[in-house]
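Engineer: Kindly generate the corresponding structure for this input.
(chains A and B, ligands or ions: 6)
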2 protein chains.
Amino acid sequence: MAVNNEMTAGFLRAAYGGESMAHMRYILWGEIAQKEGFPNIARLFKAISYAEQVHANNHFRVLGERKGGHAVSADAIFGVGNTVENLQGAIDGELFEVNQMYDVYLNAAKYQNEKDAEKSFHFAIEAEKIHAQLFKMAQDSAKEGKDIEIKNIYICPVCGHTVLDEAPEYCPICGTKREMYKEF
Amino acid sequence: MAVNNEMTAGFLRAAYGGESMAHMRYILWGEIAQKEGFPNIARLFKAISYAEQVHANNHFRVLGERKGGHAVSADAIFGVGNTVENLQGAIDGELFEVNQMYDVYLNAAKYQNEKDAEKSFHFAIEAEKIHAQLFKMAQDSAKEGKDIEIKNIYICPVCGHTVLDEAPEYCPICGTKREMYKEF
Ligand SMILES: [Fe+2]
Ligand SMILES: [Fe+2]
Ligand SMILES: [Fe+2]
Ligand SMILES: [Fe+2]
Ligand SMILES: [Fe+2]
Ligand SMILES: [Fe+2]
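Structural biologist: Ligands and ions are numbered 1, 2, ... in the order given. Predicted coordinates for the structure are as follows:
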């Protein structure tokens, strides 16, 4: 994998930064949900934290040959609140990625004809759409003081596709087989 | 925990970004070390990845009440190479944190009388000194095509203190008891 244009490379680095920070705050917010008595919301945070890791790793690998140190500028959500508040932060972050960040990065990668970056941004934006919905569902439940009722959560290790209850035979985003999905 | 001054808050956010990205690339570089037949170096990457998570969480928690989205500017190392090369990236990143980033952030937190930030930066810089040494030791070994010979790795879950073979009775950086250390 590779990237040739410096603008797309910069967007990949920014997206790597954003995904790394999202991964990290979801771990922390998941621990808070666990302590507040929402074990399933905690599991959702943990699973989606892994999906963000998949995205970060994809971006990092596309940048593979651009070694060395770089200043990275990325947006992140901050705040350690209760689970309803933390889920609002998660929703805001996911919707920002869907409607602004990845929307523009994907367009730029296409414009600069960067196929590997385009794929990496495409994988991410499709997963983030689902994340925003799942966090909204979790918040609706947490607002009523109730945990979500879910079975397992499945994450595609190639694109971060996130699905409840059962993994599909093939990932609808990247085609990976059911057996490869990681279960949470 | 809290922070009052915007400059120190900005440095905490930058450090959160830097730690989140270090955490992420150590996971990835650890997987490469595993594939190259260095399972102990892989374990070292995984353990230190957890130490960076501790640092990121500490910074995030000090920022606790500063909710919302912020642009974060942080330095990061990129490059997917072989294990000797990846360890050079790790050494460079740790030494940058010790000699430049945390050195200056710690000084600024003291200057602005931000006690919680000072503690969070102090915890990090002390651990990073050890990380730089451990990665250097691992690289010396990998250069000769050999894995490192280590038993367990122990990480303090409060400050990220990293030690080989046996956890101390009390963490020398933060005083946490031996039983709390996480084993890798
Ligand atoms: Fe993501
Ligand atoms: Fe997401
Ligand atoms: Fe997929
Ligand atoms: Fe660190
Ligand atoms: Fe470190
Ligand atoms: Fe400690």
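
Engineer: Name the residues of stretch A:53-68 that are buried.
Structural biologist: Within stretch A:53-68, the residues that count as buried by 16 or more other Cβ atoms under 10 Å in any protein chain shown are A:53-63, A:66-67. For every residue, glycine as well, the C-beta is placed using N, CA and C.

Engineer: How about it and ligand 2, any contact?
Structural biologist: No. Applying Cβ under 5 Å from the ion, one finds stretch A:53-68 separated from ligand 2 by no less than 7.3 Å.

Engineer: Just the residues contacting that stretch, thanks.
Structural biologist: Here stretch A:53-68 makes contact (Cβ atoms under 8 Å, 6 or more residues apart in numbering or on different chains) with A:1-3, A:9, A:12-13, A:15-16, A:19-20, A:23, A:116-117, A:120, A:123-124, A:127, A:155-160, B:24-25, B:27-28, B:77-81, B:85, B:89.

Engineer: which SSE is A:Gly160 in?
Structural biologist: For A:Gly160, there is no host helix or strand (DSSP states H and E).

Engineer: so it makes contact with A:Ala47?
Structural biologist: No. A:Gly160 lies out of contact with A:Ala47 (Cβ atoms under 8 Å); the separation is 10.1 Å.

Engineer: Can you pick out the residue with more neighbours from those two?
Structural biologist: Of the pair A:Gly160 and A:Ala47, A:Gly160 is the one with more neighbours under other Cβ atoms under 10 Å in any protein chain shown, namely 28 against 24.

Engineer: Which parts of chain A are strands?
Structural biologist: Ranges of strands in chain A, per DSSP state E, are A:68-78, A:153-155, A:162-164, A:182-183.

Engineer: Please name the residues that touch the most centrally placed residue in chain A.
Structural biologist: Chain A has A:Glu52 as the residue nearest its centroid, 3.5 Å off, counting by Cα atoms, centre = their mean. Counting by Cβ under 8 Å, 6+ apart, A:Glu52 makes contact with A:Glu19, A:Ser20, A:Ala22, A:His23, A:Tyr26, A:Gly160.

Engineer: Format those as a markdown table; extra columns: distance to B:Glu149.
Structural biologist: Listed next are these as a markdown table, based on distance: Cβ to Cβ, whole Å:
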| residue | distance to B:Glu149 |
| --- | --- |
| A:Glu19 | 35 |
| A:Ser20 | 31 |
| A:Ala22 | 37 |
| A:His23 | 32 |
| A:Tyr26 | 36 |
| A:Gly160 | 37 |
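
Engineer: Show me which of the residues you listed are buried.
Structural biologist: For the contacts of A:Glu52, buried by 16+ other Cβ under 10 Å: A:Glu19, A:Ser20, A:Ala22, A:His23, A:Tyr26, A:Gly160.

Engineer: Contacting chain B as well, which ones from these?
Structural biologist: Among the buried ones among the contacts of A:Glu52, proximity to chain B is found for A:Glu19, A:Ser20, A:His23 (Cβ under 8 Å from any Cβ of the partner chain).

Engineer: Test my guess that the second one contacts B:Ile27.
Structural biologist: No. Using Cβ under 8 Å, A:Ser20 and B:Ile27 do not qualify as a contacting pair, with a distance of 9.9 Å.

Engineer: which of the strands of chain A is buried the deepest?
Structural biologist: Here the criterion is mean neighbour count by mean count of other Cβ atoms under 10 Å in any protein chain shown, and of those the winner is strand A:153-155, at a mean of 23.

Engineer: In its sheet, which strands sit next to it, and in what direction?
Structural biologist: strand A:162-164 (antiparallel), strand A:182-183 (antiparallel) (DSSP bridges).

Engineer: ok, and does that strand reach over to ligand 2?
Structural biologist: No. Strand A:153-155 lies out of reach of ligand 2 by Cβ under 5 Å from the ion, never closer than 10.7 Å.

Engineer: The helix or strand of chain A with the lowest mean pLDDT versus strand B:68-78: what angle between them?
Structural biologist: Least confident element among the helices and strands of chain A, by mean pLDDT, DSSP states H and E: strand A:68-78 (a mean of 94). Strand A:68-78 runs at 160 degrees relative to strand B:68-78, counting by axes from the mean of the first three to the mean of the last three Cα atoms, to 10 degrees.

Engineer: does any part of strand A:68-78 sit near ligand 1?
Structural biologist: No. Judged by Cβ under 5 Å from the ion, strand A:68-78 and ligand 1 are separated, with a smallest distance of 11.9 Å.

Engineer: In its sheet, which strands sit next to that strand, and in what direction?
Structural biologist: strand B:68-78 (antiparallel).

Engineer: coming back round to it: which of the buried ones among the contacts of A:Glu52 lies closest to ligand 1?
Structural biologist: A:Glu19 (4.8 Å; Cβ to the ion).

Engineer: Appreciated, that's everything.
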